[in-house]
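Peer 1: Here is a sequence with its predicted model. Questions after.
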Amino acid sequence: EKGGHDYFMLKEIEEQPEALSNTLRGHFADGGVVLDEQRISEQDLRDINKVFVVACGTAYHSGLLAKYAIEHWCRIPVEVELASEFRYRDPVLGRDTLVVAISQSGETADTLEAVRHARTQHARVLAISNTNGSQIPRESDAVLYTHAGPEIGVAATKTFLAQIAANYLVGLALAQARGTKYTDELEHEFAELAAMPDAVRSVLETVPQVRELATRMCDAKAVLFLGRHVGYPVALEGALKLKELAYMHAEGFAAGELKHGPIALIEDGLPVVVQMPSLKGHSQLHAKLLSNIREIQARGARTIVIAEEGDEAVRPFADELIEIPAVPTLLQPLVSTVPLQVLAAEIARHRGYDVDKPRNLAKSVTVE
Ligand code: BG6
């Protein structure tokens, strides 16, 4: 049942191309996004002028990525907030506010309570969930289901990639309602998304390399993750996976913040995983990351670099280089997260831990 793997999580990591294509299937037709349930009028959707994304854990990291896409495509301000913080700070909500609640299980108490609070303030709620008929979708005005299939591993993997795709579909739906994108542009964006299952399939070829790398990282005292723009949430997710599964101290930083503090942590032999931005889409950021790597390498860090195929400039600074296919900037997290999932799972396995059932964690937490 584990498909020949030692644990479910590796099987689920390898199922990610299908999780993505199943999530995209049926959600785009006749040049537009099709939600699964919509109890809100097109006019109300058009009037949305503020978006809050609320979620917990890995779903929250997918939400951080939603901000880049929605602001870019729809020109609406987006705030992303941990569900457990949201309702306790009296957020400014109203009829023209859309709250996007992301929850794999659809039952997470913190997210559910955030949804309930939003509704008392007359905000519209759109749920993204992997579980048909669960509580959060039931209490929402609109629903888009991810179709990642059941996930056994407590730490989310394929549902994370499916959530990213779903968030982007919601971004396209809003762009469509607001008229900030023409049909041909929507179709173009969707076609790029639809090409991602193949890109993820190709990044899975790095699994043997990452498994081998993991055998050499099990004894690290800590691991840092750096990224910028969409690479920043990926860095946070890479660090979360390592904490959850391998019980190692791990932290993700926005690479630009390095000089404002975290660089003090760099010491001889400390592994630092760096997410390189896309060369074409973000050449300026690419140059900045290069200089960050140079700085940490000069201070003794062991650099593990995730970069696009053909990124020659980074080679001299990479003690380990993991190559990913070049894809549009907003979509890079769909490929760059995969090696980080494998890294965390394999380090955990080498340390003798139960990868599918990490200590103290539950798949869905139904208490606040
Ligand atoms: C945590 C799980 O408790 O809940 C995480 O261990 C998950 O893996 C988080 O990301 C949020 O869960 P859900 O179901 O709301 O997406």
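Peer 2: Alright, I've got the coordinates.

Peer 1: Next to the ligand in this structure, residues from the stretch 1-150 of the chain, please.
Peer 2: For the stretch 1-150 of the chain, the contact set with the ligand under C-beta under 6 Å from any ligand atom comprises Cys56, Gly57, Thr58, Ala59, Ser103, Gln104, Ser105, Thr108, Thr111. No exception for glycine: its C-beta is placed from N, CA and C like everyone else's.

Peer 1: Dump the residues you listed to CSV, plus pLDDT.
Peer 2: Putting these into CSV (pLDDT from 0 to 100) gives the following:
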residue, pLDDT
Cys56, 98
Gly57, 97
Thr58, 98
Ala59, 98
Ser103, 98
Gln104, 97
Ser105, 97
Thr108, 97
Thr111, 98
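
Peer 1: Taking these, tell me the two that lie furthest apart.
Peer 2: Farthest apart among those by C-beta to C-beta are Thr58 and Thr111. That separation is 12.3 Å.

Peer 1: With neighbour numbers in mind, choose between those two.
Peer 2: Thr111 (29 against 22; other C-beta atoms under 10 Å).

Peer 1: Tell me how far Ala344 lies from Gly300.
Peer 2: The gap separating Ala344 from Gly300 is 23 Å, by C-beta to C-beta, to the nearest Å.

Peer 1: try Val125
Peer 2: Applying C-beta to C-beta to Val125 and Gly300 gives a distance of 49 Å.

Peer 1: In strands only, show me the residues of the stretch 1-150 of the chain next to the ligand.
Peer 2: Applying DSSP state E to those, the entries found in strands are Ser103.

Peer 1: Geometric centre of this structure: which residue is closest?
Peer 2: Ser62 (3.5 Å; C-alpha atoms, centre = their mean).

Peer 1: tell me which element it is part of?
Peer 2: In this structure, Ser62 is located in helix 57-74 according to DSSP states H and E.

Peer 1: Tell me which other helices or strands the helix or strand following that helix touches.
Peer 2: Going down the chain from helix 57-74, the next helix or strand is strand 78-82, by DSSP H and E. Counting by 3 or more C-beta pairs under 8 Å, 6 or more residues apart in numbering; DSSP states H and E, the packing neighbours recorded for strand 78-82 are strand 50-55, helix 57-74.

Peer 1: The shortest one to helix 57-74, inter-axis angle?
Peer 2: What separates the directions of strand 50-55 and helix 57-74 is an angle of 160 degrees, with axes from the mean of the first three to the mean of the last three C-alpha atoms, to 10 degrees.
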